[in-house]
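[1] quick one, structure for this:
(chains A and B)
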Amino acid sequence: MILDDVYRKLPEYLDGGLLPHEREEIERLFGRHPELREALRVSLAVEAVLRQQPWLSPSPKFAHATLKRAAAELPPAVTAWQQTWEGIRAGLSVGTLALILILAHHPLTDWGMSALGGAGTWLGSLTGLTIFALHPVAVLGLLAPVVAGGVAGCVLSGRCRWSTD
Amino acid sequence: MRPDEAQLLWRLWRGEARAFEELVNLYKDMVLNLAARMTGRTDGAEDIAQEVFLRVWKALPKFRGECKLSTWIYRITINLCIAEGKSAQGRSEFMPIDEPAVMALPQLRVESTNEYAEEVVLKERLGPLMAHMPQHYRTAISLFYLKDLSYQEISEIMGVPMGTVKSYLFRGKAWLRDRLLGRDPAEEEIT
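    The predicted model follows:
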């Protein structure tokens, strides 16, 4: 047996993690090797010192100083609310844009739907897309009366129909 | 996750500054003591603890609650201490273990019969030795001797199985003992 193995197993011996026959063998070796007994004594002392490490307390101003530093150094954290809203906003933008473009490019025949066609053409332009991407809510707010007016005009006049051509 | 922890996390996600203050007050002691033990120094531990909380605040939106909030904060502390240790070594703030100044620290006298004197020597040598201990052993020992941390929690923080945590602990303590005894752990045959 290698003495180094016994040294390695000492912490497990102290922790009660060895099998009974391993314990017996190590205890037998303690009687024959004073250096092992010394290692056991030092192991116990190390264990005691590790358990007695002083518990530090932060200075009374620690929390205040940390909050102050956070406020000074960091921009306000992007909250989960903001992240969720960004996700909804992106989904809403893409969905509405797709809907308007589909409606606008569908071969509609009625005058009311030409308003949708105009909105779609405008949104299809680079400027329209850029503005929409940056401020979808504002753009939707502007487009909503146009779309609503177009649809209402169509329905009320009874001339609104899908082209079958 | 405990209900109070989940509630705190929810308030943090909403960006409540008051919740961040509560978080700092809740974990400041543990973070400070873990930092001091990981680095083997008490001076500078408060700066590291402060940096930990700044990182926590910054990273909060990315935290999705896959583990306990405390586990996540300890991981950040450990990673920062490891990085700090490396950069301190780069700046030569840490002395190599065979540096004369480290070797000149009081040696443990094998024949010593004065237990109190031995304890004083042990305490004096422990910090510098901890700072030079292999990183995994140091992390396991630092966490284990903090208050109320179980093997399970340590294994979650370190991201290794519980058996590995125990092995790191045993090996780490053996490493400390061998250095305190000035013993070269080269293989010796029992005769």
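
[2] any idea what sits nearest B:A59, other than its immediate chain neighbours?
    Leaving aside its chain neighbours, B:A59 sits nearest to B:I76 (7.4 Å; criterion: Cβ to Cβ, 6 or more residues apart in numbering or on different chains). Quick note: C-beta positions are derived from backbone N, CA and C, even for glycine.

[3] what sits against that neighbour?
    Residues near B:I76 by Cβ atoms under 8 Å, 6 or more residues apart in numbering or on different chains: B:V52, B:R55, B:V56, B:A59.

[4] average pLDDT for the one helix or strand the last one maps to?
    So that's B:A59. Using DSSP states H and E, B:A59 sits within helix B:45-59. What helix B:45-59 shows for mean pLDDT is 93.

[5] name the surrounding residues that touch stretch A:19-37.
    So stretch A:19-37 is in contact with A:M1, A:L3, A:V6, A:Y7, A:K9, A:L10, A:Y13, A:L18, A:L40, B:I190, going by Cβ under 8 Å, 6+ apart.

[6] need the next SSE after the lowest-mean-pLDDT helix or strand in chain B, C-terminal direction.
    Among the helical and strand segments of chain B, the one scoring lowest on mean pLDDT, DSSP states H and E is helix B:100-103, with a mean of 48. Downstream of helix B:100-103, the next assigned helix or strand under DSSP H and E is helix B:115-132.

[7] which elements pack onto that following helix?
    helix A:34-51, helix B:17-39, helix B:135-144, helix B:162-180 (3 or more Cβ pairs under 8 Å, 6 or more residues apart in numbering or on different chains; DSSP states H and E).

[8] now tabulate those in a markdown table and tack on mean neighbour count, distance to B:A6 and mean pLDDT.
    Converted to a markdown table, the helices and strands packed on helix B:115-132 look like this (neighbours: other Cβ atoms under 10 Å in any protein chain shown; distance: least, Cβ to Cβ, whole Å; pLDDT from 0 to 100):
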| stretch | mean neighbour count | distance to B:A6 | mean pLDDT |
| --- | --- | --- | --- |
| helix A:34-51 | 17 | 33 | 88 |
| helix B:17-39 | 21 | 12 | 92 |
| helix B:135-144 | 23 | 23 | 93 |
| helix B:162-180 | 20 | 25 | 90 |
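
[9] quick one: closest of these to A:G91.
    Among those, helix B:17-39 comes nearest to A:G91, with 28.2 Å by Cβ to Cβ.

[10] give me the residues contacting the host helix or strand of A:K68.
    Assigned by DSSP H and E, A:K68 belongs to helix A:62-73. Applying Cβ under 8 Å, 6+ apart, the contact partners of helix A:62-73 are A:59, B:17, B:20-21, B:24-25, B:28, B:32, B:46, B:49-50, B:53-54, B:57.

[11] any idea which helix or strand of chain A has the worst average confidence?
    Per-SSE averages on chain A (mean pLDDT, DSSP H and E): minimum helix A:111-124, a mean of 59.

[12] returning to that earlier point: now the helix or strand hosting the residue nearest to B:A59, how far from the chain's geometric center?
    Using DSSP H and E, B:I76 sits within helix B:69-90. On the basis of Cα atoms, centre = their mean, to the nearest Å, helix B:69-90 sits 9 Å off its chain's mean C-alpha point.

[13] what pLDDT does the model give residue 160?
    Going with chain A. 55.

[14] wait, I meant chain B there
    B:V160 is assigned a predicted lDDT (pLDDT) of 95.
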